[in-house]
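> coords please:
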Amino acid sequence: MLLDATPLLGQRSGVGRYTAALLDELATRTDVDVTVTAFTARGQVALRAAVPPGVAVRGGPVPARALRMLWHRVSWPPTELLATEADVLHATNFVLPPSTRARGVVTVHDLAFLDRPEFLAPPQRDLPHLVRRSVARAAMVCTPSSAVAQQVAHQLDLPAERIVVTPLGVDPAWSSTAPPSLALRATLGLPPHYLLFVGAAQPRKGLDVLLDAHAAQRDLAPLVLAGPAGWGPTLTTSSRVHTLGYLDEADLRRVVAGAAALALPSRDEGFGLPVLEAMAAGVPVVCSDLPALREVAGGLATLVPPGDSAALATALASVDSAGHDPVGAAARQAHAARYTWQACAQATVHAYRKACG
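Numbering: from 1, shown residues only. A predicted model of the protein is given here:
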């Protein structure tokens with residue numbers, strides 16, 4: 001099978017981390033022969049360094065924007081021309097390229113691009129049309145949660161038998177990571193006690209709501225923002241808000257493990273990997289009351305209405321003042337341990353088999 005590993009290049013968002021973890025698991029299996037490609041002009045040198053040993057890389061640099069323009073209108077060029085032939089082509093990030101022979105599998109992470117298209121970055125404004133075309137040509141669609149599976153079936157008019165739920169996982173290292181050392185705190189400028197947001201600063205994540213809530217509740221702990229640069233309106237921060245930018249996974253785990261609580265006030269989510277990873281570290285979570293986040297949190301997070309800064313401020317104050325709860329931390333860790341990348345890969349291989357069957 002051929003897997004689109006384009007999300008491995010550059011700073012990895014949640015989709016990039018999903019693609020990396022899935023590929024690591026697929027590479028260990030004996031029932032799947034994995035080859036990867038990348039539909040980008042950034043070249044294959046970086047991709048070869050990003051894949052597990054022994055995984056073949058096929059294809060050459062191609063202009064991503066030109067490809068999207070073509071695929072927006074016609075089913076050309078096919079992946080067989082750009083990379084190689086395969087029985088299954090897995091598009092890991094919404095857009096399934098055309099192919100002449102391969103059976104297509106596409107992962108649709110959420111439907112925010114349909115529900116709130118104004119939240120898309122300018123280069124992504126063609127995503128609604130591309131995803132509709134991708135889902136129509138796919139033999140199978142993977143979704144990270146049952147919530148998204150139901151949305152895909154309803155909003156994209158797809159039979160349930162063509163959808164496979166492939167829940168994301170969490171690395172066991174999250175449950176054993178220590179809080180940041182004094183040296184790391186000094187390097188990152190971390191306060192000794194802090195609330196944490198993890199994610200790109202994009203409108204869908206509700207960071208503006210979080211900043212409003214934090215500013216209104218002056219006795220809250222300082223707020224730390226970790227994640228890649230995003231887009232949208234410029235957000236107003238203060239001396240009580242610390243921006244770390246993008247962190248590698250080892251440092252991110254330590255920063256999460258040291259937080260008093262994680263806040264994810266998203267307006268739309270398909271899974272919410274930061275919620276699961278914080279729970280794996282035993283950290284309390286305050287997040288929006290959305291179907292996918294309810295599903296992933298399993299009743300162990302504090303839920304607030306999306307966009308309600310007053311409710312978010314109250315919830316954060318309550319969690320922040322509660323202090324460390326060993327029983328609650330153990331329950332969160334036990335729940336998160338049920339989500340593994342091995343199970344994600346197993347469900348994905350099931351989708352491949354259904355696509356070929």
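
> from now on I want contacts and neighbour counts done on CA atoms only, so please keep to that.
Noted.

> any idea how far residue 147 lies from residue 232?
Look at residue 147 and residue 232: by C-alpha to C-alpha, to the nearest Å, they are 26 Å apart.

> so between those two, which is more surrounded?
Using other C-alpha atoms under 10 Å as the criterion, residue 147 and residue 232 rank with residue 147 on top: 21 against 14.

> and for the residue lying closest to the more buried one once chain neighbours are set aside, the neighbour number?
Of all residues not flanking residue 147 in the chain, residue 292 sits nearest, at 5.3 Å (C-alpha to C-alpha, 6 or more residues apart in numbering). By other C-alpha under 10 Å, the residues close to residue 292 number 20.

> show me what contacts residue 292?
Residues in contact with residue 292 (C-alpha atoms under 8 Å, 6 or more residues apart in numbering) are 145-148, 269-272.

> pLDDT wise, what is it at?
With respect to pLDDT, residue 292 scores 98.

> same check, this time on the one 10 residues further on
In this prediction, residue 302 carries a pLDDT score of 98.

> list the contacts for it?
With C-alpha under 8 Å, 6+ apart, residue 302 has these contacts: 285-287, 315.

> at 10 Å what do you get?
263, 284-289, 294, 312, 315-316, 318-319 (C-alpha atoms under 10 Å, 6 or more residues apart in numbering).

> top of the contacts of residue 292 by neighbour count?
residue 271 (27 neighbours).

> how much space between it and residue 251?
Applying C-alpha to C-alpha to residue 271 and residue 251 gives a distance of 22 Å.

> picking up where we left off before, out of the contacts of residue 302, what pair is the most spread apart?
294 and 318 (19.3 Å; C-alpha to C-alpha).

> those two - which one has more neighbours?
Each of residue 294 and residue 318 has its neighbours counted (other C-alpha under 10 Å); residue 294 has more, 19 against 13.

> that one contacts residue 286, correct?
No: between residue 294 and residue 286 there is no contact under C-alpha atoms under 10 Å: 11.1 Å.

> list residues touching both of the two?
300-303.

> can you give me the domain boundaries for the protein?
Following automatic domain parsing, the chain resolves into domains at 2-169+340-356, 172-336.

> what about the helices in the stretch 201-350 of the chain?
Using DSSP state H, counting those that start in this stretch, the helices of the stretch 201-350 of the chain run over residues 207-216, 249-257, 273-280, 291-297, 309-322, 326-336, 341-356.

> all strands of the stretch 151-300 of the chain, in order?
163-165, 195-198, 223-226, 241-245, 261-264, 285-288 (DSSP state E, counting those that start in this stretch).

> distance between the shortest one and the chain's centre?
What it means is strand 163-165. How far strand 163-165 lies from its chain's middle: 17 Å, per C-alpha atoms, centre = their mean, to the nearest Å.

> in its sheet, what does that strand sit against?
Each strand paired with strand 163-165, and its direction, by DSSP bridges: strand 140-143 (parallel).

> ranking the strands of the stretch 151-300 of the chain by burial, who's on top?
Most buried of the strands of the stretch 151-300 of the chain, by mean neighbour count (mean count of other C-alpha atoms under 10 Å): strand 261-264, with a mean of 26.
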